[in-house]
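1. got a structure for you, letters missing:
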């Protein structure tokens, strides 16, 4: 697959990351300015990830079994993208009407749908580009677009949109920013849906896929922080009734009772796969989970840390006062730090193929974790804004590694099980 096509397929990945990055920078201060206390702000920010933890595995299993003329992934990509749009519109409206409940609803919807949408996008890459060496390029392109989207997303809040021509159509900074985000999501969605030439899925193709899957010794499952990617888990729980299979009219239950039972069976099947997970994937999952817990915590609270901790600002202070000005300056400086993080991640992802070839997956992955640990230790003991910003940039290497290497390892594991070869060099597959 050509590089240009990979970039076009990942256009929505970049668009989603722009929204995620802009919201990471802007939403925590926006919640504080709206009167939400900091202890409740963390609860609001946790709604989306909790919903993703509960429902993304179910959506993944449904996508694996989906039958339709638009393929297995694109219907879910389109649906979740519209959820992101609704979240953006809710935040935009709440900024004008000062409705805190609508702001909280928009943040939760945007966070959930944004995180969930990355799962079918990664699975789409896996479907279209599953060869060993090719998958390295595919996931490197994915990480590159995430980094590029982060760069743009962290820059957008640092601009003064009230001084642009867009201000004549929008009432304030938030209205301008989120209007731009809506346009970006729409354009990137159109590009990805057109560029991803996914074949229509039929019942026969689905049955053939499941028959081939039953001959494998284990089901390959790709894991990330908040989600389970969409390789099928059907044969991990052989006791599940046949009507739990979704995606075609023939397989759908005919009564509400059967529909409820089918949903419960599917949930039991999906979450039962956690118990039957191969040990090598369990170690990979735990490593990825821990890495993303640390990264997400850092990115969510970095701008607030800069505004309150280093600049001494107060987010609830009166607009125009010195404490409020200092807080806003800290948030803008925090945006630059996260921009440098994404820039580092983008350049490291472009060189990831060479780094892995030279040093191997294990050394590159461990180096990324060590860089993050060192950066956090330095931030704990220094009040220097330039040094803290430099450490934020250093975490970009960690971001690039956790977005690339675990997926490469999961793909290699899947290929190993698919061809039923005893092992692809234990050091390659089991080096987590």
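-> Here it is on my side, so go on. All values reported here derive from a predicted model rather than from experimental measurement. Numbers count the residues shown, from 1 in each chain.
2. okay, CA-based contacts and neighbour counts for the rest of this
-> Noted.
3. How far away from the center of its chain is stretch 286-304?
-> 12 Å (Cα atoms, centre = their mean, to the nearest Å).
4. Report the buried residues of it.
-> 287-289, 291-292, 295, 298-304 (16 or more other Cα atoms under 10 Å).
5. Looking at those residues, which has the smallest pLDDT value?
-> Model confidence across the buried residues of stretch 286-304 bottoms out at residue 300, which has 81.
6. measure that residue to residue 176 for me?
-> Using Cα to Cα, to the nearest Å, residue 300 is found at 22 Å from residue 176.
7. what number of residues lie near residue 32?
-> If you count neighbours by other Cα atoms under 10 Å, residue 32 ends up with 17.
8. and it, what helix or strand is that in?
-> helix 11-33 (DSSP states H and E).
9. So which bits of that helix are buried?
-> In helix 11-33, counting by 16+ other Cα under 10 Å, buried: 11-33.
10. do stretch 356-374 as well
-> Within stretch 356-374, judged by 16+ other Cα under 10 Å, the buried ones are 356, 360-362, 364-365, 368-369, 371-372.
11. Could you single out the nearest of the residues you listed to residue 148?
-> residue 368 (19.0 Å; Cα to Cα).
12. Confirm that closest one sits in a strand?
-> No: assessed with DSSP: H, G, I helix; E, B strand; the rest coil, residue 368 is helix; it does not lie in a strand.
13. Against residue 10, how distant is the closest residue to it other than its chain neighbours?
-> The shortest distance from residue 368 to any non-neighbouring residue, by Cα to Cα, 6 or more residues apart in numbering, is to residue 398 (4.2 Å). Computed with Cα to Cα, the distance linking residue 398 and residue 10 is 21 Å.
14. Could you check which of those two is surrounded by more residues?
-> Each of residue 398 and residue 10 has its neighbours counted (other Cα under 10 Å); residue 10 has more, 31 against 27.
15. Backbone torsions only: list them for that one.
-> Note on residue 10: its backbone torsions stand at phi -90, psi 10 [degrees, to the nearest 10].
16. Pretty sure it sits against residue 192.
-> Yes: using Cα atoms under 8 Å, residue 10 is in contact with residue 192, at 6.5 Å.
17. where exactly do the helices run in the stretch 301-432 of the chain?
-> 322-350, 352-359, 361-381, 385-402, 405-419, 426-429 (DSSP state H, counting those that start in this stretch).
18. Please identify the deepest-packed of the ones you listed.
-> helix 322-350 (a mean of 24; mean count of other Cα atoms under 10 Å).
19. what's the offset of that one from the middle of its chain?
-> For helix 322-350, the separation from the chain centroid amounts to 19 Å (computed by Cα atoms, centre = their mean).
20. Then stretch 168-177?
-> 27 Å.
21. Contacts made by it with the rest, please.
-> Stretch 168-177 has contacts (Cα atoms under 8 Å, 6 or more residues apart in numbering) with 92, 95-96, 156-157, 160-162, 166-167.
22. Apply 7 Å and report the result again.
-> 92, 95, 161-162, 166-167 (Cα atoms under 7 Å, 6 or more residues apart in numbering).
23. Report the mean per-residue pLDDT for it.
-> For stretch 168-177, the mean per-residue pLDDT is 79.
24. what about it, start to end distance?
-> From its first residue to its last, stretch 168-177 covers 13 Å (Cα to Cα).
25. List the buried residues of it.
-> For stretch 168-177, the neighbour count (16+ other Cα under 10 Å) marks 170, 172-177 as buried.
26. Any regions of the stretch 51-200 of the chain where pLDDT drops low?
-> 96-98, 129-136, 199-200 (pLDDT under 70).
27. Could you pull out the strands in it for me?
-> Assigned by DSSP state E, counting those that start in this stretch, the stretch 51-200 of the chain shows no strands.
28. can I get the buried residues of stretch 356-374 in a markdown table with pLDDT and distance to residue 45?
-> A markdown table is the format used below for the buried residues of stretch 356-374 (pLDDT from 0 to 100; distance: Cα to Cα, whole Å):
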| residue | pLDDT | distance to residue 45 |
| --- | --- | --- |
| 356 | 87 | 35 |
| 360 | 86 | 36 |
| 361 | 85 | 33 |
| 362 | 85 | 33 |
| 364 | 91 | 31 |
| 365 | 90 | 28 |
| 368 | 92 | 26 |
| 369 | 92 | 25 |
| 371 | 94 | 26 |
| 372 | 95 | 23 |
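29. Now tabulate those in CSV and tack on distance to residue 105.
-> Output for the buried residues of stretch 356-374, formatted as CSV (distance: Cα to Cα, whole Å):
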residue, distance to residue 105
356, 42
360, 44
361, 40
362, 41
364, 39
365, 37
368, 35
369, 34
371, 36
372, 32
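30. Closest to residue 336 out of those residues?
-> Taking those together and measuring to residue 336 by Cα to Cα, the closest member is residue 372, at 17.9 Å.
31. OK, contacts around the closest one?
-> 395, 398.
32. could you redo the last one with a cut-off of 10 Å?
-> 291, 294-295, 391-392, 394-399 (Cα atoms under 10 Å, 6 or more residues apart in numbering).
33. In CSV: these, plus distance to residue 82.
-> Shown next, in CSV, are these (distance: Cα to Cα, whole Å):
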residue, distance to residue 82
291, 29
294, 29
295, 27
391, 36
392, 32
394, 34
395, 31
396, 29
397, 31
398, 31
399, 27
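34. quick one: which two of the residues you listed are the most distant?
-> 291 and 391 (16.7 Å).
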